[in-house]
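**Student:** please work out how this folds:
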Amino acid sequence: MNRQPQPAQKKYFFEKGYKDLKNTIKGAWIRNFESILRCRDRISAAAEKGAIRTILSFIQNVFSMFVISVCGTLITVLISTINIIILLVCACAVYIVLLLVWAIDRIYLWKNKIFVACDQCKERSLIPAYICPNCGAKHTKLVPGSYGIFKRTCSGTGGQVCGEKLPATFFNGRQKLAAECPACGNPLTTSNSSIGNETRPICIPVVGGRSVGKTAFITAFSKEFIETVVPSKSWEVEFYNREKAAIYKEIEQDYQTGSTRMTARSNDLNQASAISFSFFLKGRNLKPPRLIHIYDIAGEVFTDNSENEVQKQYEYCQGIVLILDPFSIPEIRYRYEELLEPEDIAGIGNANINSIADTFFNKLREVIGLSDNKLLNIPIAVVINKIDAAGLNQDIGELAVNKLKKKDPEKYKDFYDVQDYLCRKFLIENGMGNFVNGICNKFKNNRFFACSAIGHTRDKGSYMPKGIMAPMEWIFRYADPKIGKVWRNNEFTKVPFAVNGMPQED
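**Tutor:** The predicted model follows:
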């Protein structure tokens, strides 16, 4: 089960036991043959001591050779067979225990959806590369196997003898060791973390063009979720590492000032283009803890398809948030531009939404093999941002939803079904029908939302977000039923009535 060489000593029944058996059997046959040769040598020696002695020695040694050849061979075969049976019985018992422990460990990982989602290279691994606390050797396959069922003995690195006993399963402390990504060597959490290195990742990329408000959306969600939702559900948060804790300090500062940082575009090819804000979510009903990765990538990098790394998070992510700037749509900008503040005009994204969608679909084809005839099960929340500006709240926001619900309460019952309908209608009426159809044709589970991440013009005071929690709550329902069972601040029907097209109005 461990084909990749490890810096550890193989256990007796996986290597040395078979060598010992081979040497024992080989030695027995050699000794048996050497006994026959000694009889032959004694016959030759007796030839020099007279005829009578020669005859007696010949008879005696020929008889001995016969006895050794027959009885000795039979005894050697018997003893060899007994040795083989004893070894095989013991080995079978060891292999059965190994198989059971390995299966328990693997089922635990599978059942709890535990894996490594590296925040740097985005590679997915079953478990990380664990670091020996004594010598620093890297164990990439620290699982029950030929190096040990419950523990393995580290053999060290660079010729050094280590001897450290490392746990090889989840139930005896493997996850408490320091670890790194086996693909790129990026350090994961350390042995000092109270969480450990075997958690259930929830990965949600937030994508879109330049200046659509992705970072503001992440800022608003992170602040509201950590400081409002988490304590209300009796959960706790622990930041992934110091770097992520520093990001949250920036989030808090931006939230208070109403600002937002432009997502950095790194020119260093060794640095990740997609930056994650990552934290652990733990609670009584969250065993193992959840590791939340919210990915942000510079809009121009996303649009230009110039990332430093392959965005493999699309292979295993539990949901995607696609942010739209409505004022980047020519028809909408022409209609509402004179109602916008100068700061709002300066912040309009200039990327064409259809081009962004094409770029996004191409990335999915490259990474996960998206075909034109296959619907993805990954839920996607299409979020129209900046509805605080130019009165868009009256078209697709809370005011518009409540107005339609009041007009026909029998037809328009659910708030988010109505908003989904209004957002699709708004986009189609403004020349974005192909975009809406593209989302429906690529994603089996899709909803449209409207929000204002900051709540007002940028840098005009503290954030007052509207509508940013609903799309994330909807995705979390799909990502993790245990979280969804507790986090139910909003209700969503299973399929919005506009999901496969526009409903006909009466």
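
**Student:** where's Ala274 relative to Ala117, distance?
**Tutor:** With distances taken as CB to CB, to the nearest Å, Ala274 is found 12 Å from Ala117. Backbone N, C-alpha and C define where each C-beta goes, glycine included.

**Student:** ah, wrong one, I meant Ser35
**Tutor:** Computed with CB to CB, the distance linking Ser35 and Ala117 is 66 Å.

**Student:** of those two, who's got more company?
**Tutor:** For Ser35 versus Ala117, neighbours defined as other CB atoms under 10 Å are more numerous around Ala117 (24 against 15).

**Student:** give the rounded mean pLDDT of the one helix or strand Val301 maps to.
**Tutor:** Using DSSP states H and E, the secondary-structure element containing Val301 is helix 299-304. Mean pLDDT, helix 299-304: 68.

**Student:** just stretch 328-343 next, same as before
**Tutor:** The predicted confidence, averaged over stretch 328-343, sits at 88.

**Student:** buried stuff in it?
**Tutor:** For stretch 328-343, burial by neighbour count (16 or more other CB atoms under 10 Å) applies to Ser328, Ile329, Ile332, Arg333, Tyr336, Leu340.

**Student:** hey, C-alpha coordinates of it in CSV?
**Tutor:** In CSV, the C-alpha atoms belonging to stretch 328-343 read as follows (Å, rounded to 0.1, in the frame of the first residue of the first chain):
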residue,chain,number,x,y,z
SER,A,328,-20.4,47.5,-17.1
ILE,A,329,-23.4,46.5,-19.3
PRO,A,330,-23.6,49.3,-22.0
GLU,A,331,-27.5,49.6,-21.9
ILE,A,332,-27.5,50.0,-18.2
ARG,A,333,-24.6,52.4,-18.0
TYR,A,334,-26.2,54.6,-20.7
ARG,A,335,-29.5,54.6,-18.8
TYR,A,336,-28.2,55.3,-15.3
GLU,A,337,-24.8,57.0,-15.6
GLU,A,338,-26.1,60.5,-14.9
LEU,A,339,-27.5,59.2,-11.6
LEU,A,340,-24.1,57.9,-10.4
GLU,A,341,-21.6,59.6,-8.2
PRO,A,342,-18.3,60.4,-9.8
GLU,A,343,-16.6,57.8,-7.5
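
**Student:** what comes into contact with it?
**Tutor:** The contact list for stretch 328-343 (CB atoms under 8 Å, 6 or more residues apart in numbering) reads 209, 212, 326-327, 345, 348-353, 389-392, 427, 430-432, 457-460.

**Student:** which ones among those residues are found in helices?
**Tutor:** When DSSP state H is applied, the contacts of stretch 328-343 are split such that Ile345, Ile353, Leu427 fall in helices.

**Student:** those residues, buried ones only, as a ChimeraX selection?
**Tutor:** If you want just the buried ones from these in ChimeraX, going by 16+ other CB under 10 Å, the selection is:
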select :353,427
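
**Student:** wait, which of the ones in helices among the contacts of stretch 328-343 is closest to Leu78?
**Tutor:** Leu78 lies nearest to Ile353 out of those, by CB to CB, at 82.7 Å.

**Student:** who touches Arg200 in this structure?
**Tutor:** Listed by CB under 8 Å, 6+ apart, the contact set of Arg200 reads Asn112, Lys113, Ile114, Pro288, Pro289, Arg290, Leu291, Asp480.

**Student:** neighbour-wise, give me the winner out of the residues you listed.
**Tutor:** Compared across those, Leu291 has the highest neighbour count, 27 neighbours, by other CB under 10 Å.

**Student:** past the helix or strand bottoming out on mean pLDDT in the chain, which element shows up next along the chain?
**Tutor:** Considering only helices and strands, the least confidently modelled element of the chain by mean pLDDT, DSSP states H and E is helix 299-304, at a mean of 68. Past helix 299-304, further along toward the C-terminus, the next helix or strand under DSSP H and E is helix 313-316.

**Student:** related to what we said a few turns ago, spit out the residues that contact Ala274 and Ala117 alike.
**Tutor:** Contact criterion CB under 8 Å, 6+ apart; residues bridging Ala274 and Ala117 by contacting each: Gln313.

**Student:** any chance of the buried residues of stretch 328-343 in CSV, plus secondary structure?
**Tutor:** Converted to CSV, the buried residues of stretch 328-343 look like this (DSSP: H, G, I helix; E, B strand; the rest coil):
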residue, secondary structure
Ser328, helix
Ile329, coil
Ile332, helix
Arg333, helix
Tyr336, helix
Leu340, coil
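
**Student:** for the residues you listed, work out which two are farthest apart.
**Tutor:** Farthest pair in these (CB to CB) is Ile329 and Leu340. Separation: 13.5 Å.

**Student:** spatially central residue in this protein, please.
**Tutor:** What sits nearest the mean C-alpha location of the chain, by CA atoms, centre = their mean, is Ala117, with 3.2 Å.

**Student:** quick check: closest non-adjacent residue to that one.
**Tutor:** Taking CB to CB, 6 or more residues apart in numbering, and ignoring the residues beside it in sequence, Ala117 has Pro201 as its nearest neighbour in space, at 4.2 Å.

**Student:** now do the SS call for the one you found.
**Tutor:** Remark: Pro201 carries the secondary structure label strand [criterion: three-state DSSP].

**Student:** for Ile36, grab the count of nearby residues.
**Tutor:** In terms of burial, Ile36 registers 17 neighbours under the definition other CB under 10 Å.

**Student:** secondary structure element for it?
**Tutor:** Since the elements are taken from DSSP H and E, Ile36 ends up inside helix 16-46.

**Student:** that helix packs against which elements?
**Tutor:** Helix 16-46 is packed against helix 51-67, helix 73-111, with contacts defined by 3 or more CB pairs under 8 Å, 6 or more residues apart in numbering; DSSP states H and E.

**Student:** domain boundaries for the chain, per the record?
**Tutor:** The chain breaks down into these domains under automatic domain parsing: 12-111, 116-180, 200-486.

**Student:** tally of neighbours for the residue nearest to Thr157 when sequence neighbours are not counted?
**Tutor:** Excluding the flanking residues, the one nearest Thr157 by CB to CB, 6+ apart is Ala137, at 4.6 Å. Under the neighbour criterion other CB under 10 Å, Ala137 is assigned a count of 22.

**Student:** doesn't Tyr147 make contact with Ala137?
**Tutor:** No: counting by CB atoms under 8 Å, no contact exists between Ala137 and Tyr147, whose distance comes to 12.0 Å.

**Student:** rewinding a little: just put the domains of the chain in TSV and tack on distance to Pro5.
**Tutor:** Listed next are the domains of the chain as TSV, based on distance: least, CB to CB, whole Å:
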stretch	distance to Pro5
domain 12-111	12
domain 116-180	9
domain 200-486	26
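
**Student:** what's the closest of those to Val495?
**Tutor:** Between Val495 and the domains of the chain, the tightest spacing by CB to CB is seen for domain 200-486, at 8.3 Å.

**Student:** what pairs with the residue nearest to Ala117 across the strands?
**Tutor:** Pro201 has the following beta-bridge partners by DSSP bridges: Leu291.

**Student:** so that it lines up with my notes, have the first residue be 54 from now on.
**Tutor:** Okay, using 54 as the starting number, the last item reads as Pro254.
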